[in-house]
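1. I would like the atomic coordinates for the input below:
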Amino acid sequence: MAFELPTLNYAKTALGAKGMCEETLDLHHGKHHQAYVTALNGFVAADASLAGKSLEEIVMATAAAGGPVFNNAGQHWNHIVFWDCMSPNGGGIPGKLEQKIIEDLGSVAAFKDAFKAAGVSQFGSGWAWLVLGSDGKLKVTKTANGSNPLAEKQGKVLLGCDVWEHAYYLDFRNVRPNYIQNWVDNLANYEYAEAQL
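-> Residues are numbered from 1 along each chain as shown. As a prediction, this is how the structure comes out:
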């Protein structure tokens, strides 16, 4: 069965007031993400060893070698997470998650600073993540290009923020720090993150 572009849980206009315009969402979801899905399906159709594997299995099986199959599978997985990590009602951190952030990372402000630093310091394209490590502690991490915490065994993803330029250029031009600050303050779906705990 072919992989498919997931349907957004909100209208493409729904994040505009939060700092992500309809054109960004339309291009990012409908063009960039769709291109990863289309390419991945082509690779799966051409390689019998990939047939019938789940997306996670393909990511894990191709992580060590890297290359185009991994890049497209990783980006498909990353973007599925990314769309769920944003909400028109984003920005508010529920109590259980807030308590865990304070316990493991010092404070909500310290978490946001660390998350912003991870995204800003990722040279070129990549991702910033909030993960629950195997030790039960929250950690802020980053990955390059299409990689992710699944492939790098960093822990369970609670939040993932795309820091490729296509995620923010129309709204924030080349000012990635402003995009990430806005993302953690206004777009991040912390209810989703808490549910992953």
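
2. now what about the biggest helix by length in the chain, what contacts it?
-> When every helix of the chain is counted residue by residue (DSSP state H), the longest turns out to be helix 67-84. With C-beta atoms under 8 Å, 6 or more residues apart in numbering as the contact definition, helix 67-84 has outside contacts at 3, 6, 8-9, 29, 32-33, 36-37, 39-40, 43, 47, 50, 55-56, 58-59, 62-63, 127, 145-148, 150-151, 157, 160-162, 189, 192. For every residue, glycine as well, the C-beta is placed using N, CA and C.

3. Show me those that map onto helices.
-> Filtering the contacts of helix 67-84 for membership in helices, criterion DSSP H, returns 36-37, 39-40, 43, 55-56, 58-59, 62, 150-151, 192.

4. In TSV, list the residues you listed along with neighbour count, pLDDT and distance to Glu23.
-> TSV is the format used below for those (neighbours: other C-beta atoms under 10 Å; pLDDT from 0 to 100; distance: C-beta to C-beta, whole Å):
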residue	neighbour count	pLDDT	distance to Glu23
Tyr36	21	98	19
Val37	20	98	20
Ala39	17	98	23
Leu40	25	98	25
Phe43	18	98	29
Leu55	15	98	28
Glu56	12	98	31
Ile58	24	98	31
Val59	23	98	29
Thr62	22	98	32
Leu150	21	98	30
Ala151	21	98	30
Tyr192	19	98	24
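
5. Would you point out the most distant pair within these?
-> Largest separation among the ones in helices among the contacts of helix 67-84 by C-beta to C-beta: Phe43 and Tyr192, giving 29.1 Å.

6. Reformat the ones in helices among the contacts of helix 67-84 as TSV; add distance to Val131.
-> What follows is the ones in helices among the contacts of helix 67-84, written out as TSV (distance: C-beta to C-beta, whole Å):
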residue	distance to Val131
Tyr36	22
Val37	24
Ala39	26
Leu40	23
Phe43	27
Leu55	18
Glu56	15
Ile58	20
Val59	15
Thr62	21
Leu150	10
Ala151	12
Tyr192	14
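
7. Of these, which is the nearest to His166?
-> For the ones in helices among the contacts of helix 67-84, the closest approach to His166 (C-beta to C-beta) belongs to Tyr36, at 11.6 Å.

8. The closest one: what's its closest spatial neighbour, skipping adjacent residues?
-> Gln75 (4.3 Å; C-beta to C-beta, 6 or more residues apart in numbering).

9. That neighbour: neighbour count?
-> Neighbourhood size, Gln75 [other C-beta atoms under 10 Å]: 27.

10. Looking at the residue lying farthest from the centre of the chain now. What's its pLDDT?
-> Largest separation from the mean C-alpha position in the chain: Ala48, at 28.6 Å (C-alpha atoms, centre = their mean). As summarised for this prediction, Ala48 has a pLDDT of 95.

11. Any figure for the gap between it and Met1?
-> According to C-beta to C-beta, to the nearest Å, Ala48 and Met1 sit 15 Å apart.

12. Many thanks, have a good one.
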